[in-house]
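>>> please work out how this folds:
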Amino acid sequence: MPRVVVIGAGIGGAPMAFELRERLGKAAQIDVVAESEWFQFVPSNPWVSVNWRKPEDVKVHLPPVFARMGIGFHPVGAKRIDPAKNEVELGDGRTIAYDYLVIATGPKLAFDEIEGLGPRANTRSICHTDDAAEAARDWEAFCKTPGPMIVGATQGASCFGPAYEYALTAAIDLRRRKIRDRAPITFVTSEPYIGHLGLGGVGDTKGMLESILRDRDIKWITNAKVDRIAPDAVEVTEVNDDGSVKKAHKLPSKYSMFIPPFCGVDCLKDEDGKWIAGLTNPRGFVLIDKHQRNPQYRNIFAVGVCVAIPPYELTPVPVGVPKTGFMIESMVTAAAHNIAELAGGKEPSHLATWNAVCLADFGDSGVAFVALPQIPPRNVNWSSQGYWVHMAKIAFERYFLRKVRNGSSEPGYERFVMKTLGVNRLRAPELV
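Got it, this is the predicted structure:
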């Protein structure tokens, strides 16, 4: 039976291991390599950052889960992969051989690309639960002596929903504390317009999100390039549609949170520190074909945010394409089936749907959108808002954490979203 190594144990990596165990059976050797012993439900991090959740509420300790399933687990990180030798060098110096490799690492958070960006500098982050917990400690201090806030997504980011979620959830929390009047918020984004989301908008996300920001008294700057972040200010260049400078801003800030630029992880570099030729694009994202398979190294697959997807359109400031949970789940299922087919002597035949389905929570309401397919023109182009989205995300958080604790490979996003959106009269067959 095959030896399969999965690098990553997040929303893509953990379910990948579960599905491989189901598809390949107990005789297959499956190993997971991760940076930590803990699974994090990253979509809950905006709640963690304002103390609506504790880190332990959104984590699962993985060693007993994988042990129960007969899956090897190595929480020491991957130092480097060697596609020529079919080996992964681990962070502790050991190597693991593989017949098939699945890269599910997520991105590297490129804080170093902008001066002053990141939790080790002058901004907070919600891309990792530990960073969100640190942001929560700072949040309590900020609420004692509030002031102006800047929230947004930098150039090179490819995940915009959490920035909106954080800004709007923070606004609700400040209102509940009765200090919102003392904390003006500005939303700064590389998107060409509010609600673009890296997808050219979905349904009426532009009008809907602009209306919500206005209702919550949040100002915004689009087509924004973040130049520098100081402890007390954010320097931003706003550009016109042709890329020329429209206005330079120096925005006072006592508390800032930005989604940073994304790039590939370091284990995808060779010994000279260059991206492995044929494996990644120039930003380090993994190149794949329609079967989630690398075109050059045919026994390497990739799923999730680490996958290379070209931008939807040319924008004045670089904007990446998001990979939502529903899309990641479809990648995982397709990759698991295709590896099983290859192991059985067949050619891969399964394709991921690459549809975008998102539940964005805003503290006391939210926006849901469905884009089938993700990139226009679409067969379904739908968005809606309401309190039901807030409740749906809470329910899904509980569902997914239970799924990871149980080592379950059953569909999560597909089943849950079809049921939830059916309440709003979106015909379930359209999500298939």
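
>>> tell me which element F400 falls in.
For F400, the enclosing helix or strand under DSSP states H and E is helix 387-406.

>>> buried residues, that helix. List them.
W388, V389, H390, A392, K393, F396, E397, F400, L401, K403, V404 (16 or more other Cβ atoms under 10 Å). Where you see a C-beta, it was placed from the backbone N, CA and C, and this is true even at glycine.

>>> let's have those in JSON lines, adding distance to I103 and pLDDT.
As requested, the buried residues of helix 387-406 are exported to JSON lines (distance: Cβ to Cβ, whole Å; pLDDT from 0 to 100):
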{"residue": "W388", "distance to I103": "36", "pLDDT": "90"}
{"residue": "V389", "distance to I103": "32", "pLDDT": "90"}
{"residue": "H390", "distance to I103": "34", "pLDDT": "92"}
{"residue": "A392", "distance to I103": "30", "pLDDT": "87"}
{"residue": "K393", "distance to I103": "28", "pLDDT": "91"}
{"residue": "F396", "distance to I103": "25", "pLDDT": "88"}
{"residue": "E397", "distance to I103": "26", "pLDDT": "93"}
{"residue": "F400", "distance to I103": "21", "pLDDT": "92"}
{"residue": "L401", "distance to I103": "24", "pLDDT": "94"}
{"residue": "K403", "distance to I103": "22", "pLDDT": "92"}
{"residue": "V404", "distance to I103": "20", "pLDDT": "95"}
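
>>> and of those, the nearest to I30?
V404 (15.8 Å; Cβ to Cβ).

>>> burial count for the nearest residue to that closest one once chain neighbours are set aside?
In space, and not counting its chain neighbours, V404 is closest to V60: 4.7 Å by Cβ to Cβ, 6 or more residues apart in numbering. When neighbours are counted by other Cβ atoms under 10 Å, V60 registers 22.

>>> ok, G273 next?
Counted with other Cβ under 10 Å, the neighbours of G273 add up to 7.

>>> for it, which three-state class applies?
Assigned with DSSP: H, G, I helix; E, B strand; the rest coil, G273 falls in the coil class.

>>> quick check: the gap between it and G284.
11 Å (Cβ to Cβ, to the nearest Å).

>>> the residue nearest to V404 is in contact with R405, isn't it?
Yes - contact criterion Cβ atoms under 8 Å: V60 and R405 qualify, at 5.3 Å.

>>> pLDDT score for A356?
We have a pLDDT of 84 for A356.

>>> number of nearby residues for it?
With other Cβ under 10 Å as criterion, A356 counts 25.

>>> list the residues that contact it.
Residues near A356 by Cβ atoms under 8 Å, 6 or more residues apart in numbering: L199, V202, P322, T324, F326, M327, F369, V370, A371, L372, P373, Q374.

>>> so what does it look like in phi/psi?
The phi/psi pair for A356 (degrees, to the nearest 10) reads phi -100, psi 120.
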